[in-house]
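> Here is my input, please return the structure:
(one chain, ligands or ions: 2)
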Amino acid sequence: MTRVLIWDLPVRLFHGFLTLLILAALGISLLVHDSSPWYPYHSVLALIAAPLIVLRIAWGFVGTRHARFWSFLFSPKAVAMYFIDALRWRETRHAGHNPGAAYVVILMMLLPLMSVLSGYQLGQGNKQVKEFHEILAYVLLALIGAHIVGIILHTLRHKELIAVSMLDGKKQADPAQAIPSSRPIAGLLFLLFALWWGAMIYRGYDTKRGVVRLPVVGMDVKVEETGFEDEHEE
Ligand code: HEM
Ligand code: HEM
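Ligands and ions are numbered 1, 2, ... in the order given. As a prediction, this is how the structure comes out:
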């Protein structure tokens, strides 16, 4: 089967930023001690990722064919059939996301957003969300694990280096499934926005006050536990 263009540039750039930012945020939050000066950077990185996810969700309505949510909102039956077939080592191939990956992919967009919202609440001193915030991180980690296992299985099963598809946008598929353009202008705008937003968040991080000033809106978001010290930790 020939390799044809499936993923447009905004999707690939989004994937690159999401992977780097969320893996780093997860790594810091789970591996670094919470008294370390590095710890608040997990929140800073997640704040950089948040609007990129919102833009990807919008692209899921107006983007190219395989980027659109309707193209991978499979029925529960289709998901079940996919896994039954996969166990028999004879699942059908899909040009875009397959039914096994589709909901994992959607959750990998929604969970970081939920972490940002609950992280914001934590910074406001709402300790009730602490456990929820932590559980979200572990569920996200498990989903990423499942994502990587899925990619390895696909690579072995179909003898196709699927990971490369998120770099060059191409997958082995029927040429009729190809998208006509990788949407370079939308990709460039996305890239410029991501770099600008990242730089503004980084610049807006006031380490002394433990807050990030959000660009444009001018709101301060607390990214560490300063102010909790006098409350006794459980
Ligand atoms: C470094 C290891 C990773 C590799 C090699 C990789 C590879 C891929 C590939 C090949 C796809 C397309 C799957 C398909 O054809 O259906 C994909 C999609 C996706 N991956 Fe990853 N991934 C990695 C890490 C991550 C991480 C850490 C996250 C989450 C934080 C993530 C989130 C996603 C999302 C949300 C999509 C859907 C993209 C979209 O439709 O916009 N990936 N990944
Ligand atoms: C992908 C996004 C995020 C992940 C995976 C994540 C993960 C975590 C984890 C695992 C903890 C430790 C919880 C505990 O010790 O019980 C934590 C703590 C914390 N997070 Fe996040 N977080 C994310 C985003 C954010 C954001 C955006 C903010 C702020 C706006 C934030 C604010 C905090 C604060 C203030 C704490 C300290 C809570 C404490 O230990 O008392 N987080 N985070």
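
> which helix in this protein runs the most residues?
Ranked by residue count under DSSP state H, the longest helix found in the chain is helix 130-158.

> buried ones in that helix?
H133, L136, A137, L140, L141, L143, I144, H147, G150, I151, H154 (16 or more other Cβ atoms under 10 Å). From N, CA and C alone the C-beta is placed, and that goes for glycine too.

> Same list, these, but only the ones touching ligand 2.
H133, A137, L140 (Cβ under 6 Å from any ligand atom).

> Show me which of these is closest to R65.
L140 (27.5 Å; Cβ to Cβ).

> show me what contacts that closest one?
Neighbour list for L140: I22, L26, M108, L111, P112, S115 [criterion: Cβ atoms under 8 Å, 6 or more residues apart in numbering].

> do you know how far the second one is from ligand 2?
Looking back up the chat, that one is L26. Counting by Cβ to the nearest ligand atom, to the nearest Å, the gap from L26 to ligand 2 is 5 Å.

> for that residue, what are its contacts?
H42, A137, L140, L141, I144.

> at 10 Å instead, please
Residues in contact with L26 (Cβ atoms under 10 Å, 6 or more residues apart in numbering) are H42, L45, A46, P112, S115, A137, Y138, L140, L141, I144.

> Helix, strand or coil: sort out it for me.
Using DSSP: H, G, I helix; E, B strand; the rest coil, the structure places L26 in helix.

> do the same with the last one
At S115 the chain is in helix, as set by three-state DSSP.

> That one contacts L107, doesn't it?
No. In this structure S115 lies outside contact range of L107 using Cβ atoms under 10 Å: 11.9 Å.

> Reformat the contacts of L140 as TSV; add pLDDT.
Formatted as TSV, the contacts of L140 follow (pLDDT from 0 to 100):
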residue	pLDDT
I22	98
L26	98
M108	98
L111	98
P112	98
S115	98
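
> Enumerate the residues of the chain near ligand 2.
Counting by Cβ under 6 Å from any ligand atom, the residues of the chain near ligand 2 are 22, 25-26, 29-30, 34, 42-43, 46-47, 112, 115-116, 119-120, 122-123, 130, 133-134, 137, 140, 221, 223-225.

> So which residues of this structure form strands?
Here the chain has its strands, by DSSP state E, at 3-5, 170-172, 205-206, 211-213, 220-222.

> List the pairing partners of the first one within its sheet, with orientation.
Translated: strand 3-5. strand 170-172 (antiparallel) (DSSP bridges).

> Dump the buried residues of helix 130-158 to TSV, plus pLDDT and distance to ligand 1.
Formatted as TSV, the buried residues of helix 130-158 follow (pLDDT from 0 to 100; distance: Cβ to the nearest ligand atom, whole Å):
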residue	pLDDT	distance to ligand 1
H133	97	16
L136	98	12
A137	98	11
L140	98	7
L141	98	9
L143	98	8
I144	98	5
H147	97	5
G150	93	8
I151	96	5
H154	91	8
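
> first to last residue in stretch 59-74, what's the distance?
18 Å (Cα to Cα, to the nearest Å).

> Name the residues that touch that stretch?
Applying Cβ under 10 Å, 6+ apart, the contact partners of stretch 59-74 are 5-11, 14, 56-57, 80-82, 94-103, 105-106, 109, 169, 171, 173, 177-183, 186, 190.
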